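Trainee: attaching a predicted model along with its sequence, questions to come.
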Amino acid sequence: MIMPQQAKARILIVDDSSFMRMAIRSVLSKDPSIEIVGTAADGIEGVEKAIALKPDLITMDVEMPRMDGIAALKQIMAKAPTKVIMVSTLTNEGAKSTFEALDAGAIDYIPKNVTDSSDAQNIFKQELMRKIKEAIASRIRRVPGTTTSALRAAPASLTTPTRPTSSKFVGKKIQYVGIGASTGGPVALQEVLSRIPVNFPYGIMVGIHMPKAFTGPYADRLNAKCSMNIREATDGDILKPGLTLIAPGGMHTTLVKQGTQIVVRTQPTSNYPQYVYIPSVDLMMSSMAEATNGSMLGVILTGMGNDGFKGMQLLKQKGGVTIAQDEASSTIYGMPKACVDGGVADEVLPLGQIGFEISKFM
């Protein structure tokens, strides 16, 4: 009996650099499950070929002549909705453009290092293949109306109802909040934090998989759009009421107790080679659970993989409170699914309710 061949994933490459088009094609062509159906040298050609070829996934450069990647992405989402992964430079401007692209409907991004370093090129190739394979294998969901243009910061007066809805949370007390996310996280996290008022009485620590050049601009972006004070964490920072700290990219972040305070400690990745994802949500959440002795709320949002599960598991063992995003509102239901399937999620909530639920612990 001859088994039917599995259909190949059809990829369209859009980049104004002939070198990058060839580099991406070279990497992807080595995988027999992937077919390159076309290339385009700018946004206009990219839109035309997206409509004509109907690929399963598009890699899209951000900066291009005639029409840039963000404008092309918006047209593709309007005329021929497709999974799109942006290819961004590791610069401040590259970060800002990437977040605009995620708002417009891109599912993920791949940072490209413009140096000639062989190590940087190898990292790019590995990330390219990993993210494309994961995106192809996953059911991608985008929730209408959750882009940042539709979000408004919660007013400072939003302090009621004062008790969590779930009976599982009755009698539970927290002093801190830890949040983890990955793919789809930049948009999801803004949705959550925009619902939390400026007078929220607990410090919040966030771990999201991002490169070093992106976490600072991302924190600045959130700070401009949300009520709370939000910034990138530095070594020695103290978690305080009304403050949200974003774990810096390119390294790991742990939390330790010093006296009555919870203090941020940044760690080189070489100290924790067992953690694949950087910054590691598992490491951040586990250390935070230890430092707070479980008096915290752990939240896992959309993302590929299972990073965060072990941290949430330890938090549950210490009597903490846990929330996972539901499948319907997740861009990729990987990290939340691991928590739900592993029985460590007290509540499974749609994205639009998570910020409000956090606020009820006031």
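Mentor: Yes, it's here.

Trainee: please make it C-alpha for all contacts and neighbour counts, starting now.
Mentor: Noted.

Trainee: in terms of secondary structure, what does the helix or strand bottoming out on mean pLDDT in the chain contact?
Mentor: Ranked by mean pLDDT, DSSP states H and E, the helix or strand of the chain with the weakest confidence is helix 118-137, at a mean of 83. Judged by 3 or more C-alpha pairs under 8 Å, 6 or more residues apart in numbering; DSSP states H and E, helix 118-137 is in contact with helix 18-29, strand 108-112.

Trainee: what comes into contact with the longest one?
Mentor: By C-alpha atoms under 8 Å, 6 or more residues apart in numbering, the list of residues contacting helix 18-29 from outside reads 13-15, 34-36, 39, 41, 125, 128-129.

Trainee: one step back: pick the most buried one from the helices and strands packed on helix 118-137.
Mentor: Neighbour counts (mean count of other C-alpha atoms under 10 Å) averaged over each of the helices and strands packed on helix 118-137 peak at strand 108-112, with a mean of 24.

Trainee: distance check, residue 31 against residue 130.
Mentor: From residue 31 across to residue 130, the span is 11 Å (C-alpha to C-alpha, to the nearest Å).

Trainee: with secondary structure added, can I get the contacts of helix 18-29 in a markdown table?
Mentor: Formatted as a markdown table, these follow (DSSP: H, G, I helix; E, B strand; the rest coil):
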| residue | secondary structure |
| --- | --- |
| 13 | strand |
| 14 | strand |
| 15 | coil |
| 34 | strand |
| 35 | strand |
| 36 | strand |
| 39 | strand |
| 41 | coil |
| 125 | helix |
| 128 | helix |
| 129 | helix |
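
Trainee: hmm, back to that, what's the least confident stretch among the helices and strands packed on helix 118-137?
Mentor: Between the helices and strands packed on helix 118-137, the one with the least mean pLDDT is strand 108-112; it has a mean of 87.

Trainee: check which helices and strands that one is in contact with.
Mentor: If you count contacts as 3+ C-alpha pairs under 8 Å, 6+ apart, strand 108-112 packs onto strand 83-89, helix 118-137.

Trainee: and the helix or strand following the shortest one, what's buried?
Mentor: Remark: after strand 83-89, the chain's next helix or strand is helix 92-104, criterion DSSP states H and E. Neighbour counts over helix 92-104 (16 or more other C-alpha atoms under 10 Å) mark 94-104 as buried.

Trainee: sec struct for residue 64, please.
Mentor: Following three-state DSSP, the label given to residue 64 is coil.

Trainee: kindly report the same for residue 323.
Mentor: Taking three-state DSSP, the label given to residue 323 is strand.

Trainee: so residue 299 makes contact with residue 180?
Mentor: Yes. Counting by C-alpha atoms under 8 Å, residue 299 does reach residue 180; the two are 6.3 Å apart.

Trainee: neighbour count for the two, which is higher?
Mentor: residue 180 (32 against 26; other C-alpha atoms under 10 Å).
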